[in-house]
Each structure stands twice: as structure tokens, then as C-alpha cells.
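Novice: With the sequence up front, the predicted model follows.
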Amino acid sequence: MQKTFECSSANCQAGIARRDITPPVGIYNRCWGAALYDTATGVHHPFTATALAMSDFNGGSPLVILTLDLCWFEYEENEEFLSTVTEQTGIGRDQLIVSLGHSHAGCNLSANIKDKEGGEMIGPFFEHVIAQSIDAIKEAMGSQEDVWFTADYGNCNLATNRNYNDTEFGEMICGFNPEGSVDNTLALVRITNSSGEIVAHIINYGCHPTTLGPENRLLSPDYISAARGIMERDFGGLCMFMISPCGDTGPREGFVA
């Protein structure tokens, strides 16, 4: 007897939009202690802000997911970002999920390092990120249509355990641990419109974006932008990447220039 496998699915209203938030070359971009340089000399892949707005069919307030190719926010920057974005878009904080890609080849947005080389670019770039995020959210909310969400799980062997106990030196180091375990679960959501066309994908996976290592001098969202590019090229629509907890994981081939 033939059986049909059915993935979990849901029907709602949704819209998606993207803006470019590539940092300027020369901005202070030391995002970790291992970095050998303070500023980047070029761009490897562009940085993006992608917003997905979702609501029910009763005209309720939307839930918005915003993915940003940024490493982190300090408390002050986080508060300014959330306050400005929610005020300008008219949504509450409980309606907004912000996911940062955490690439170590990104830039540092801490205002308290503006005296560093390239630090004078941090403030204007941060304002640019806020403005572009607002634009993306507004477009996403205004372009909602009838869509189907279809979700499933898979596996990806990109991530490896990166907490290695070096018995020779008697300490833990950040390096490949062949005996360590990782959660290689990859969650995928496909969003299609009423005509069956793919509108977007959401990827959820846990692996530190440290393919590009300390010697790298190019701004990049790391493997995240490569993954999105493959999905968009082969299947169409926009691809959003939401990183899972990844404190003890790193790419199988990492720390390369």
C-alpha cells in the first residue's frame, strides 16, 4: 500500500522583505580576541536585514522575525534598536523576534569603542542598520499574502565540537574535539503562496560562524550567506537563517583565511 508522508504545515498571512546592511570597509571589526586585525579591507559577501511578518486571517497584529547579519548588541545599543524599531513600525516588543547571525567576520557595534581605528564609522552604521530594519519590516507587513508554512527536520554535519581538552597544556582550548558530540539538527521551513510559488525559507541551525578565521580581513556573514545563496539560487524566494545555540560548536573546516 502506498503511503504519503506529510510535513507539519500551517496557513496564514505573511510577507517578507530584505535590505542591504553591508558595513563600510575600514570600520572597526574586531569581534573576537583571536583576530589579527582591527579593520577589514574588503567585503566577502554582503550583509542583509531580512524581515518576515506573519498574521492570522482576522486582521490581528503581526508577529515579525528580523534576521540581521550582525555579531551582537551591547545593552545600550539593544535598547535603542528595539525602542526605535518598535516605535517606528507600530509593533510591540513581544511581537518582534530579532536573530543575529553572530559572524566573527562582521563588525563590532559597541559605542564604547568609537575611539578605536575605524570606530568613528560605528555610530552612522548603527543608525543605517536601524533605518534599513524599519524599512524592511514595514515592507514585509505591507506585502502580506495568503501563504502555507511547511516544516521539517534534517541533519547537517557542518558543526563539530570545538571544546578540546589539551592534556599536554592542561587546559581547554577552542579547537576541534574528535570525541565531542554536537546537535546537528537542521530545521527548515518552506513558505509558499497560493499559486505554489516559493516565497521564502527559514533555516535554523547551530554552528559558530567562524569559517573565516583570525587572518581574514574581509567582512562576511560567513557560511550563513553561502547557505542562503544556495537556497535562493536553487529554490527561489528569500532565505532567512536563524542560528541555534552554538557555544561549543564550530565549522568542520574553520579558522581559515
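Specialist: On my side now, so go ahead.

Novice: okay, CA-based contacts and neighbour counts for the rest of this
Specialist: Fine.

Novice: Run through who's touching stretch 206-217.
Specialist: Outside stretch 206-217, the residues that touch it by C-alpha atoms under 8 Å, 6 or more residues apart in numbering are 34-37, 39-42, 101-105, 158-160, 183-186, 221-224, 243-247, 249-251, 253-257.

Novice: how long is stretch 191-211 from one end to the other?
Specialist: Terminal residues of stretch 191-211 lie 29 Å apart, using C-alpha to C-alpha, to the nearest Å.

Novice: tell me the mean pLDDT for that stretch?
Specialist: Throughout stretch 191-211, pLDDT has a mean value of 96.

Novice: circling back: tell me the buried residues within the contacts of stretch 206-217.
Specialist: Burial by neighbour count, 16 or more other C-alpha atoms under 10 Å: within the contacts of stretch 206-217 this picks out 35, 39-40, 101-105, 158-160, 183-186, 221-224, 243-244, 246, 249-251, 254-255.

Novice: Give me the subset of those residues lying in helices.
Specialist: Judged by DSSP state H, the subset of the buried ones among the contacts of stretch 206-217 located in helices is 223-224.

Novice: Met121 in helix, strand or coil?
Specialist: helix (DSSP: H, G, I helix; E, B strand; the rest coil).

Novice: so it makes contact with Ile27?
Specialist: Yes: applying C-alpha atoms under 8 Å, one finds Met121 in contact with Ile27, separated by 5.6 Å.

Novice: Please compare the two by neighbour count and tell me which comes out ahead.
Specialist: Higher neighbour count among Met121 and Ile27: Ile27, with 25 against 17, using other C-alpha atoms under 10 Å.

Novice: And for the closest residue to Ala35 other than its chain neighbours, the neighbour number?
Specialist: Among residues not flanking Ala35 along the chain, Pro214 sits closest, at 4.1 Å (C-alpha to C-alpha, 6 or more residues apart in numbering). Number of residues near Pro214 (other C-alpha under 10 Å) recorded here: 20.

Novice: With the one 3 residues further on instead?
Specialist: Burial of Arg217, expressed as a neighbour count using other C-alpha under 10 Å, amounts to 23.
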